[in-house]
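Enquirer: Prediction below, plus the sequence it came from.
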Amino acid sequence: MCGRFTVTGEADAIGAAFAAGVAPLRDVRLPRYNIAPTDEVPVVVAAPEGRRAGPMRWGLVPHWADSPGVGARMINARSESVSRRSAYREPFLARRCLVPADGFYEWVAREGVKQPYWLHRPGRALFAMAGIWALWKPARGNRLATFSVLTRAAPPAIRWLHDRVPVILPESAWDDWLARGTPPAALEDILAGSATPELHLHPVSRAVSKAGYDEPDCIEEVEL
């Protein structure tokens, strides 16, 4: 799964990496070193004028949900079954997104405690996690935009840490993933063909385990 991730650059870096407009991000807090479920973070979608990065809350809330609280349990969707699950099928077919990140955390039990590791691309480059999104409309108030990150089986080299990782989409697949007219079979092919790229990892402070702790030292390597 993916339970925490990072975006350690500013909005302009997201705009450059994704060729996206970033005006909607003016009120979104960046950089982020420990994004947790229900946090509001940048997400890239297709718009008439091109790609646009705007804020969404992490944890998908289906339009038929009674309460937005269900989103905390829907932060991830399995790519192998996303097209068949009732809560995820409609967003998968109609509302897909790219979730910018430059790393994510996983935990492993070590000497009786859970030790976090930060996984990232070489050079700490931004990458795109495959996502789906939904709009929830309360009886009163503003609509809520939410998303889930799609996951896949982890490559053997890091399976000791966790058996699932986010689906990281190559840039060549971004346009088709975002386009509304992409056939379901092509979407399935994109997910199946998006092999996990090279990832580096190192242990980090256990302070990362505390939701709300969001400081630059979250990603610094520590000695075990």
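Expert: Okay, I see it.
Enquirer: Now do the strands in the chain.
Expert: Listed in chain order, the strands found in the chain under DSSP state E are 5-7, 20-21, 32-35, 40-47, 50-58, 76-78, 96-101, 103-110, 113-120, 127-136, 144-153, 164-166, 168-169, 200-203.
Enquirer: Highest mean neighbour count out of these?
Expert: strand 96-101 (a mean of 26; mean count of other C-beta atoms under 10 Å). Quick note: C-beta positions are derived from backbone N, CA and C, even for glycine.
Enquirer: among the strands of the chain, which is nearest Ile219?
Expert: Shortest separation from Ile219 across these is recorded for strand 113-120, at 5.1 Å, computed as C-beta to C-beta.
Enquirer: So which elements touch the closest one?
Expert: strand 103-110, strand 200-203 (3 or more C-beta pairs under 8 Å, 6 or more residues apart in numbering; DSSP states H and E).
Enquirer: any idea how far Asp12 is from Arg57?
Expert: When C-beta to C-beta, to the nearest Å is the yardstick, Arg57 and Asp12 sit 23 Å from each other.
Enquirer: rewinding a little: now that we have the strands of the chain, can you turn them into a markdown table and tack on mean pLDDT and distance to Gly181?
Expert: Formatted as a markdown table, those follow (pLDDT from 0 to 100; distance: least, C-beta to C-beta, whole Å):
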| stretch | mean pLDDT | distance to Gly181 |
| --- | --- | --- |
| strand 5-7 | 98 | 29 |
| strand 20-21 | 98 | 20 |
| strand 32-35 | 98 | 31 |
| strand 40-47 | 97 | 11 |
| strand 50-58 | 97 | 16 |
| strand 76-78 | 97 | 21 |
| strand 96-101 | 98 | 12 |
| strand 103-110 | 94 | 30 |
| strand 113-120 | 96 | 33 |
| strand 127-136 | 97 | 16 |
| strand 144-153 | 97 | 20 |
| strand 164-166 | 97 | 25 |
| strand 168-169 | 98 | 18 |
| strand 200-203 | 97 | 37 |
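Enquirer: Next up, phi/psi of the residue of the chain most remote from its centre, please.
Expert: Among the residues of the chain, the one whose C-alpha is farthest from the average of all C-alpha positions is Glu111, by C-alpha atoms, centre = their mean at 29.7 Å. When read as degrees, to the nearest 10, the backbone of Glu111 gives phi 50, psi 40.
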